[in-house]
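>>> Predicted model follows, preceded by the sequence.
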There are 2 protein chains.
Amino acid sequence: MSMIKTAAELEAWCRSVDRRNKTLGFVPTMGYLHEGHCSLIKAAKSQNGLVVASVFVNPTQFAPGEDFESYPRDIGRDYKLAREAGADVVFNPEVGEIYVPGSSTVIEVTGNITKKLCGASRPTHFEGVTTIVSILFNIVRPDNAYFGQKDAQQALIIKKMVRDLHIPVEVIVCPIVREMDGLAMSSRNVYLNPEERKQATCLNVGLQKAAEYLASGAVDCRSVTRLTEIIESHIHSRDLAVIDYVKILDGETLDDITAIEPGKTALAAVAVKFGKTRLIDNRVLSI
Amino acid sequence: MSMIKTAAELEAWCRSVDRRNKTLGFVPTMGYLHEGHCSLIKAAKSQNGLVVASVFVNPTQFAPGEDFESYPRDIGRDYKLAREAGADVVFNPEVGEIYVPGSSTVIEVTGNITKKLCGASRPTHFEGVTTIVSILFNIVRPDNAYFGQKDAQQALIIKKMVRDLHIPVEVIVCPIVREMDGLAMSSRNVYLNPEERKQATCLNVGLQKAAEYLASGAVDCRSVTRLTEIIESHIHSRDLAVIDYVKILDGETLDDITAIEPGKTALAAVAVKFGKTRLIDNRVLSI
């Protein structure tokens, strides 16, 4: 496996490998890989002859005051994990390699899909995400690209960008990978102290309780207000948890809905702070 | 030569032709082809084994009240001219083929380069241009793409977008093609009545006078204020001409400059209205 630092080297690698009858799978990450990322690399490996994983902590998706500088980094470990999971190349560019001097082009998916949920708390975040993903797609030129359902809103936005701009890449969204106790894997979990870590399972449990209530058939079981209350009240039962949002929205457009409708998917999504650490989780609801 | 209406057909054509050792040249146009467009197709033909020209009047680069509906169209004539100039395919999609239902993704090059000149008069224009060019690049996937220097600001913006987003396309800018009397060719010239048509040469002549004054070596010959006055006063001498702008700016960034500096290029650009018809022209100045 190779570690590649520049776009020119990556293009040279692409030219040097035999791509006949081999598709290229791509897994963009911000590094500090966990089993969630590795599951994406494994999925890519199982579906493509060649796999590139990128490790790039993208400054433009962090707002001032967010954790760009302190975001956990360990490229040596990432390299080892990516190789074990099946990556042929780890692309680990410098910021200046991706954003050329004077760079000022942005890609924005407009509408509710970027304004709701994390877009409300982090207004410039998704513009940074869509711009970097598009740049990486242009450099790597994959056939298939893999994203985690953990970042459900990001996955919806990238699928929309790809569709709207006719980007010739297939976007594949893989299931959330969880710790034994149900906490969704995240690079930011390392920030949690032992008590926060223990309470952090409330995101998943709250979502689970909503899904159970929906399945119960109770008279108000499809009510978004009722289901939201169930999630909120469980999270509130943990004293270190501070809710950023608990929302149930249309599962494609993120438009507001009042009830779970048969044949349509809804996305129940939560963001909760433990101290300075902001965690997200979600669950697709349908009947 | 083929006329292709859908992205799927174009992809099928791309797969069906032998692209080994053949590059693909692409000429995006809004149709109503004139010799300027044909010069781009000929340039593409001379440098590529395969040439695709697109004819698509892009609604998103027109503001409400601009001439989208009335923009001149003649696809039969375009098809014939494109074939004669050397195109292998004319791609002529419907609006709904390019902009899928609910489409809401935009690409914006921010900064002076889009805010000045036509960006000041037409604030949403270049966002429409960069978005459609990017979509067409994603569908056609050319090696080389050809744009006219007539739309100098557009060419600078597209080059910047391609550089900023690492789009794997070479952008080639071809010289302005002019009528016998010096008027820059434009699909909009058909709007002019005979007297307006006669006076419309003032854009080119004004620019020429500025270039001559710069070359004269006069003590203030490099002054942007002086050179701008020379252009303005010539255009004002034509009674039907209403100046939208006359500007001399840095030839790459479109930042303000006060003098033409040795070793740097400046762009002298003008937009002038004759009745409802808005014409543009430009000239690169350097010493």
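Noted; the coordinates are in hand.
>>> List the residues that contact the residue of the stretch 1-150 of chain A found nearest chain B.
Nearest residue of the stretch 1-150 of chain A to chain B, counting by Cβ to the nearest Cβ: A:Thr105, 3.7 Å away. To be clear about C-beta, it is placed using only N, CA and C from the backbone, and glycine gets the same treatment. Contacts for A:Thr105 (Cβ atoms under 8 Å, 6 or more residues apart in numbering or on different chains) come out as A:Thr131, B:Ile107, B:Glu108, B:Val109, B:Thr110, B:Thr130, B:Lys160, B:Met161, B:Asp164, B:Leu165.
>>> how many other residues sit next to the nearest residue to A:His34 once chain neighbours are set aside?
Using Cβ to Cβ, 6 or more residues apart in numbering or on different chains and skipping residues adjacent in sequence, the residue nearest A:His34 is A:Met185, 4.5 Å away. Neighbours of A:Met185 under the rule other Cβ atoms under 10 Å in any protein chain shown: 18.
>>> Quick check: A:Met185 vs A:Ala155, distance?
15 Å (Cβ to Cβ, to the nearest Å).
>>> cool, A:Val169 as well?
Taken as Cβ to Cβ, the span from A:Val169 to A:Ala155 is 13 Å.
>>> Can you list the residue ranges for helices in the stretch 51-200 of chain A?
A:75-85, A:95-98, A:112-115, A:118-121, A:125-140, A:152-164, A:194-199 (DSSP state H, counting those that start in this stretch).
>>> residues in contact with the fifth one?
This means helix A:125-140. A:7, A:10-11, A:24, A:26, A:28, A:52, A:54, A:56, A:58-63, A:91, A:98, A:105-109, A:114, A:118-119, A:145, A:153-154, A:157-158, A:161, A:165, A:167, A:169, B:105, B:165-168.
>>> intersection of neighbour lists for A:Val169 and A:Ala155?
The contact sets of A:Val169 and A:Ala155 do not overlap (Cβ under 8 Å, 6+ apart).
>>> In this structure the residue nearest to A:His34 contacts A:Val177, no?
Yes - using Cβ atoms under 8 Å, A:Met185 is in contact with A:Val177, at 5.0 Å.
>>> which residues do the two both contact?
Here A:Met185 and A:Val177 have A:His34, A:Glu35, A:Gly36, A:Lys150 as joint contacts, going by Cβ under 8 Å, 6+ apart.
>>> could those be laid out in CSV, adding secondary structure?
Rendered in CSV, the data for those read as follows (DSSP: H, G, I helix; E, B strand; the rest coil):
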residue, secondary structure
A:His34, coil
A:Glu35, helix
A:Gly36, helix
A:Lys150, helix
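>>> what about A:Ile280, helix or strand, and which?
Using DSSP states H and E, A:Ile280 falls within strand A:277-285.
>>> That strand to helix A:152-164, inter-axis angle?
If you take axes from the mean of the first three to the mean of the last three Cα atoms, to 10 degrees, strand A:277-285 sits at 70 degrees to helix A:152-164.
>>> So which elements touch strand A:277-285?
Here strand A:277-285 touches helix A:202-216, strand A:266-274, going by 3 or more Cβ pairs under 8 Å, 6 or more residues apart in numbering or on different chains; DSSP states H and E.
>>> Mean neighbour count added to the ones you listed, as a markdown table?
A markdown table is the format used below for the helices and strands packed on strand A:277-285 (neighbours: other Cβ atoms under 10 Å in any protein chain shown):
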| stretch | mean neighbour count |
| --- | --- |
| helix A:202-216 | 20 |
| strand A:266-274 | 23 |
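>>> now these as a markdown table including distance to B:Lys198 and mean pLDDT?
Listed next are the helices and strands packed on strand A:277-285 as a markdown table, based on distance: least, Cβ to Cβ, whole Å; pLDDT from 0 to 100:
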| stretch | distance to B:Lys198 | mean pLDDT |
| --- | --- | --- |
| helix A:202-216 | 73 | 98 |
| strand A:266-274 | 63 | 98 |
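>>> could I get these as CSV with distance to A:Arg141?
Formatted as CSV, those follow (distance: least, Cβ to Cβ, whole Å):
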stretch, distance to A:Arg141
helix A:202-216, 36
strand A:266-274, 30
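>>> And these: which comes nearest chain B?
From these, taking Cβ to the nearest Cβ, the stretch that ends up closest is strand A:266-274, at 16.9 Å.
>>> Many thanks, have a good one.
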